[in-house]
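S.K.: I'd like to go over a predicted model; first the sequence, then the structure.
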Amino acid sequence: MKKISVLIPCYNEIENVGPMSEAIETVMTNELPGYDWELVFIDNNSTDGTREKLREICREGSHFRAILNAKNFGQFNSPYYGLMQVTGDCCIQMCCDFQDPVSLIPQYVAAWEEGYKICIGIKSTSKENKLMRGVRTIYYKMIRKMSDVEQIEHFTGSGLYDRSFIEVIRQLDDPTPFMRGIVAEYGTKVKKIEYEQPQRRAGKTHNNFYSLYDAAMLSFTSYTKIGLRLATFFGVGVGLISFVLGVIYFILKLLYWNRFPAGTAPILLGMLFLGAVQLFFIGLIGEYILSINKRVMHRPLVIEEERLNFEKKAPPEEADAE
């Protein structure tokens, strides 16, 4: 009997973890009775009582498991780490806020049985703020045009991943994983399933300007070279324009030396412009260096504090004896 793992990353989702566990259990029991299954929550150090609720859920049945992180390790590391801890023949990753509809699970599994190794959800429409969706759309299209890898628009990471793909990402050993880019780069036999993204069921979103900016820059620095190339091209362009203007100014000064007062305003504006350009590209290069630094330091993805309902591994001495 094949086993399906469902991975739910969560952070301060006390209002959603209970209904989510019930919804997953209903789908797996009623619509996919021919499969063994497990539901794994990975909690990113919640502070609102989510952990106590997860302990309660895990006591209710052996299908429910939880990994409790020692700290908040970010929106990318935690689900990526959780993906490598599941034991199923495939893993379905979904958000805890119900913005990834549970009704997609049977569709993912059906596509998986057809031979697809990856089945991902694509937000064709959304009930989120129209301005935010518009900004996301522009971002996706920009990254897609600038990236060396064919990026997937309106893909949040939700989907089904076959065990073979999970083993591939395990070999990557990436300390700063960006799942959307990894799927686009290494995913084979990918099935895209469109859906309308509903509004969050309960609670508040944990995304803010900083987290969204961090996600955007991680994608930008990991999968594009245009930032560094743009600095080079822009520098050459500004240098050529400055040289041409300098020659023109020199000629005019020679011809009309007593009637051509340039003044200090152009000099001041030019200095401010060049200073702004330099600061912008220094910051952009700094983003690339920060990305490199994180990879070189090679810190662990996650440090666990506790596991619930996982089988305990035998100590090395006992394993050797067996």
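M.R.: Received it, and whenever you're ready, just let me know what you need.

S.K.: Okay, strands next: where are they in the chain?
M.R.: 3-10, 36-43, 64-69, 90-93, 118-126, 155-162, 190-197, 304-308 (DSSP state E).

S.K.: With just CA atoms, put the first one into CSV.
M.R.: Read it as strand 3-10. Provided in CSV are the C-alpha atoms of strand 3-10 (Å, rounded to 0.1, in the frame of the first residue of the first chain):
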residue,chain,number,x,y,z
LYS,A,3,1.8,6.0,1.7
ILE,A,4,1.0,9.7,1.2
SER,A,5,2.5,12.3,3.5
VAL,A,6,0.9,15.7,4.0
LEU,A,7,3.2,18.4,5.2
ILE,A,8,1.7,21.6,6.8
PRO,A,9,4.1,24.3,7.9
CYS,A,10,2.6,26.6,10.6
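
S.K.: Residues touching that strand, excluding its own?
M.R.: Contact with strand 3-10 is made by 16-17, 20, 24, 28, 32, 35-44, 46, 50, 75, 78-79, 82-83, 86-96, 105, 109, as judged by Cβ atoms under 8 Å, 6 or more residues apart in numbering. From N, CA and C alone the C-beta is placed, and that goes for glycine too.

S.K.: Out of the residues you listed, which end up buried?
M.R.: The neighbour-count test (16 or more other Cβ atoms under 10 Å) marks 16-17, 20, 24, 28, 32, 37-44, 46, 50, 75, 78-79, 82-83, 86, 88-96, 105, 109 as buried among the contacts of strand 3-10.

S.K.: For the stretch 1-150 of the chain, just list every one of the helices.
M.R.: 17-30, 50-60, 74-83, 104-113, 130-146 (DSSP state H, counting those that start in this stretch).

S.K.: Can you tell me which of those helices is packed in deepest?
M.R.: Here the criterion is mean neighbour count by mean count of other Cβ atoms under 10 Å, and of the helices of the stretch 1-150 of the chain the winner is helix 74-83, at a mean of 22.

S.K.: And Leu172, how far from Glu185?
M.R.: Noted for Leu172: a distance of 10 Å to Glu185, by Cβ to Cβ, to the nearest Å.
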